[in-house]
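Q: I'd like to go over a predicted model; first the sequence, then the structure.
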Amino acid sequence: MGKGDDNDRIVINVGGTRHETYRSTLKTLPGTRLAWLTEPGAFANFDYDPKADEFFFDRHPGVFAHILNYYRTGKLHCPADVCGPLYEEEIAFWGIDETDVEPCCWMTYRQHRDAEEALDSFESPDINSGDGEAGGAGDGVADSEDELDTKRLALGDCSPETGAKAGWWRKWQRRIWALFEDPYSSKYARVRGNKYIIFFKNLDIQ
């Protein structure tokens with residue numbers, strides 16, 4: 001039985017969108033949910049409509065188009081218009097390994113995790129209260145002054161109207177450019193990105 005044979009065709013309805021492909025195409029990735037549709041017991045194990053002769057899945061139809069294309073081409077791409085956590089959840093549901101994502105889409109796929117890791121770092125001891133422990137100055141776990149200031153920059157706590165004002169600004173101006181103009185320079189830069197470049201460049205401090 002080869003491609004072109006009507007018996008090899010299979011219809012999959014995902015979120016109301018019908019997709020038609022070949023069973024032999026789905027078999028290219030053994031052990032995945034779509035490959036299971038080609039097994040003899042699939043009609044009993046999945047939501048199958050004998051009248052429409054189709055399998056139904058109440059999942060994201062847009063993401064599924066990329067999933068099915070992976071079976072057809074052997075290349076797994078990440079849609080730019082779908083948030084990372086949703087795409088991650090979908091490929092897990094279909095039983096696909098995230099490491100199969102193509103290199104050209106890996107940064108897009110990973111950016112939400114990088115942002116979450118950076119945001120988690122902001123939930124560590126309050127940057128304005130030292131190490132958060134009384135008498136903890138000598139326990140060796142307090143952040144250095146430079147690291148704390150870098151965190152303040154990433155959090156947006158860098159108004160020229162506070163602290164040392166103009167003197168503070170002159171001291172940190174170069175670091176600010178590096179932090180916000182190079183989104184890959186640190187985890188803080190990846191979170192904040194280029195959002196505040198215009199703000200800082202328009203500051204008029206004498």
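A: Right, received. Where do you want to start? Nothing here was measured: the structure is a model prediction, and the numbers come from that model. Residues are numbered from 1 along each chain as shown.
Q: now Thr32. Nearest residue, chain neighbours left out?
A: Using CB to CB, 6 or more residues apart in numbering and skipping residues adjacent in sequence, the residue nearest Thr32 is Gly95, 4.0 Å away. For glycine as for every other residue, the C-beta is placed from the backbone atoms N, C-alpha and C.
Q: how is that neighbour assigned, secondary-structure-wise?
A: Of the three states, Gly95 takes coil under DSSP: H, G, I helix; E, B strand; the rest coil.
Q: cool, and Cys78?
A: Per three-state DSSP, Cys78 ends up coil.
Q: pretty sure it contacts Arg110?
A: No - Cys78 is beyond contact range of Arg110, at 9.4 Å (criterion: CB atoms under 8 Å).
Q: ok, those two, which is more surrounded?
A: Comparing Cys78 with Arg110 by other CB atoms under 10 Å, the one with more neighbours is Cys78, at 22 against 15.
Q: and the more buried one, backbone torsions?
A: For Cys78, the backbone dihedrals (degrees, to the nearest 10) come out as phi -110, psi 120.
Q: likewise for Pro40?
A: When read as degrees, to the nearest 10, the backbone of Pro40 gives phi -60, psi -40.
Q: neighbours of it, how many?
A: Neighbour count of Pro40, defined by other CB under 10 Å: 7.
Q: contact partners for it?
A: By CB atoms under 8 Å, 6 or more residues apart in numbering, Pro40 lies in contact with nothing.
Q: name the residues of stretch 43-61 that come out as buried.
A: For stretch 43-61, the neighbour count (16 or more other CB atoms under 10 Å) marks 54-57, 59-60 as buried.
Q: which residues sit against that stretch?
A: Residues outside stretch 43-61 that contact it (CB under 8 Å, 6+ apart) are 10-18, 36-37, 42, 64, 82, 86, 90, 93.
Q: could you flag which of those residues are buried?
A: Buried members of those, scored by 16+ other CB under 10 Å, are 10, 12-14, 37, 64, 82, 90.
Q: inside helices: which ones of those residues?
A: Among the buried ones among the contacts of stretch 43-61, DSSP state H puts 64, 90 in helices.
Q: of all the buried ones among the contacts of stretch 43-61, the one with the weakest confidence?
A: pLDDT across the buried ones among the contacts of stretch 43-61 is lowest for Val82, at 82.
Q: excluding chain neighbours, what is closest to that residue?
A: With CB to CB, 6+ apart as the criterion, Val82 has its nearest non-adjacent residue at 5.9 Å, and that residue is Val63.
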